[in-house]
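Trainee: no sequence on this one, just coordinates:
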């Protein structure tokens, strides 16, 4: 994956959020497959995004997240 230098901090922040949510779900829902935890994280973050979009009505965020979602989906199917 190629990341623009200007967006690198966003990817690092997104990574931290994924790690935080993954740790939450693995702690609270023991014994599930890795893929299931990842799906739970993605759904959690997607719902947060929907709340933010409704609060801000800012479609720019969604446009930036679509490529990230595509990358996550590809990673889960590999």
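Mentor: Good, I have the coordinates. None of these values were measured; they are calculated from a predicted model.
Trainee: so residue 49 makes contact with residue 61?
Mentor: Yes: contact criterion Cβ atoms under 8 Å: residue 49 and residue 61 qualify, at 6.8 Å. In this view, the C-beta of every residue, glycine as well, is placed from N, C-alpha and C.
Trainee: what mean pLDDT does the helix or strand that contains residue 47 have?
Mentor: Element membership for residue 47 (DSSP states H and E) is helix 34-56. Averaged over helix 34-56, pLDDT sits at 90.
Trainee: now do stretch 2-13
Mentor: Throughout stretch 2-13, pLDDT has a mean value of 93.
Trainee: buried residues in whichever helix or strand comes after the helix holding residue 47?
Mentor: Per DSSP H and E, helix 34-56 leads on to helix 59-77 as the next helix or strand towards the C-terminus. Across helix 59-77, burial judged by 16 or more other Cβ atoms under 10 Å covers 65, 72.
Trainee: do stretch 7-19 as well
Mentor: residue 18.
Trainee: ok, and what's touching it?
Mentor: With contact meaning Cβ atoms under 8 Å, 6 or more residues apart in numbering, stretch 7-19 is reached by 3, 41, 45, 64, 68.
Trainee: so who does the third one touch?
Mentor: It refers to residue 45. 17, 18, 21.
Trainee: again, only using 7 Å
Mentor: 17, 21 (Cβ atoms under 7 Å, 6 or more residues apart in numbering).
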